[in-house]
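1. build the 3D model from these lines:
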Amino acid sequence: MSEKIQKVLANAGLGSRRQLETWIEAGRVTVNGRMAKLGDRMTAHDRIRVDGREVLVEARTTQPRVIAYYKPEGEICTRSDPEQRPTVFDHLPRIRLGRWISIGRLDFNTSGLLLLTNDGELANKLMHPSSQIEREYAVRIRGEVSDAMLKRLQTGIRLEDGMARFNTLVAAGGTGSNHWYHVTVTEGRNRLVRRLWEAANCTVSRLMRVRFGPIQLPATLHRGQCVELSSEDVTVLSRASEGSKP
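-> Numbers count the residues shown, from 1 in each chain. Okay, the predicted model is just below:
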């Protein structure tokens, strides 16, 4: 049975399907010595190379692996950085086949739950806008926020890339000039939570992701640590990627 090249490579853990499509368009992938094109298909008997190096593709017979990493502030979610800043991949366990693929990103100054998997197809599904995966954040705001502004954040604010809003916004305590809120969004737009608060003329002093879909940041996990999800949690996450309820 044949499958699209980018799906086979994603299942082998080489990257998300979207990333692999850019590799194919850039001419980095060949199949049986011929330059691959988007839409090409392959079987387990074909020989595939990326940047001239042969890739051993094995049919996935086991459940994908997923780890939860408690990202601290001051780390980036890419593998390399011209500024030589620390990356989340510096602290992950070694993997025998493929590599860890981040399911979405957190910006440099945001901490909290980051999920990573060895299955590019699962990562692609969870990041795709159609999945409508809910992300929950704890955010600390400096200064007073009016009721009218809180209502506006839930009804919608126009950003440079279109209208956006928080699906839910709940006060979570605080003292003095610092107030905590828990907010949820179902979009993966870059820096969306920060940009919404900034558009409301509010100063974000701390931002932390506490949930991605059905997976909560483990209470026992410390910053810079990771833990592998149980088989049951991976199943629930996979169902969420299909738009199914746990």
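2. in three-state terms, label the residue most central in space within the chain for me.
-> With distances taken as C-alpha atoms, centre = their mean, the residue of the chain nearest its centroid is residue 104 (1.5 Å). When the structure is reduced to helix, strand and coil (DSSP: H, G, I helix; E, B strand; the rest coil), residue 104 reads as coil.
3. check what pLDDT it gets.
-> Listed pLDDT for residue 104 reads 88.
4. pull the contacting residues for it.
-> Counting by C-beta atoms under 8 Å, 6 or more residues apart in numbering, residue 104 makes contact with 114-115, 126-127, 135, 188, 212. Every C-beta, even on glycine, is put in place using the N, C-alpha and C of the backbone.
5. determine the longest strand present in this structure.
-> Using DSSP state E to define each element, the chain has its longest strand at strand 203-212.
6. now it: buried residues?
-> 204, 207-209, 211-212 (16 or more other C-beta atoms under 10 Å).
7. just name the closest of those residues to residue 19, please.
-> Distance from residue 19 was checked for each of those by C-beta to C-beta. The minimum falls on residue 212, at 19.3 Å.
8. surely that closest one touches residue 133?
-> Yes. Under the contact definition of C-beta atoms under 8 Å, residue 212 touches residue 133, with a separation of 6.8 Å.
9. so residue 116 bridges to which residues?
-> For residue 116, the beta-bridge assignment (DSSP bridges) gives partners residue 67, residue 102.
10. for the residue nearest to residue 150 when sequence neighbours are not counted, give me its contacts.
-> Sequence neighbours aside, residue 169 is the residue nearest to residue 150 in space, at 6.1 Å (criterion: C-beta to C-beta, 6 or more residues apart in numbering). Contacts here follow C-beta under 8 Å, 6+ apart; on that basis residue 169 touches 150, 153-154, 181-183.
11. apart from its chain neighbours, what residue comes closest to residue 17?
-> With sequence-adjacent residues excluded and distances taken as C-beta to C-beta, 6+ apart, residue 17 is closest to residue 124, at 4.1 Å.
12. my read is that the one you found contacts residue 10, right?
-> Yes. Taking C-beta under 8 Å as the contact criterion, residue 124 and residue 10 are neighbours in contact, 6.2 Å apart.
13. before we move on, the earlier item: so the residue nearest to residue 150: helix, strand or coil?
-> Judged by three-state DSSP, the three-state class of residue 169 is strand.
14. quick one: pLDDT of it?
-> At residue 169, pLDDT is 96.
15. which residues does it bridge with?
-> According to DSSP bridges, the residues that bridge with residue 169 are residue 183.
16. how much space between it and residue 74?
-> Per C-beta to C-beta, to the nearest Å, residue 169 is found 27 Å from residue 74.
17. how about residue 143, what does it touch?
-> If a contact means C-beta under 8 Å, 6+ apart, then residue 143 has 177, 202-203 as its contacts.
18. got the confidence number for it?
-> Residue 143 is assigned a pLDDT of 81 by the prediction.
19. thinking again about what came up before, ok, the residue nearest to residue 150 to residue 100 distance?
-> Applying C-beta to C-beta, the value for residue 169 to residue 100 is 32 Å.
20. quick check: residue 219 vs residue 95, distance?
-> On the measure of C-beta to C-beta, residue 219 and residue 95 end up 26 Å apart.
21. ok, these two, which is more surrounded?
-> It is residue 95, of residue 219 and residue 95, that has more neighbours when counted by other C-beta atoms under 10 Å, with 13 against 5.
22. in this structure the more buried one contacts residue 119, no?
-> No. In this structure, residue 95 sits apart from residue 119 without contact. The criterion is C-beta under 8 Å, and the distance is 11.3 Å.
23. which residues do these two both contact?
-> Taking C-beta under 8 Å, 6+ apart as the contact definition, residue 95 and residue 119 share the neighbouring residues 13, 65.
24. what's the pLDDT at residue 109?
-> The predicted local confidence for residue 109 comes out at a pLDDT of 94.
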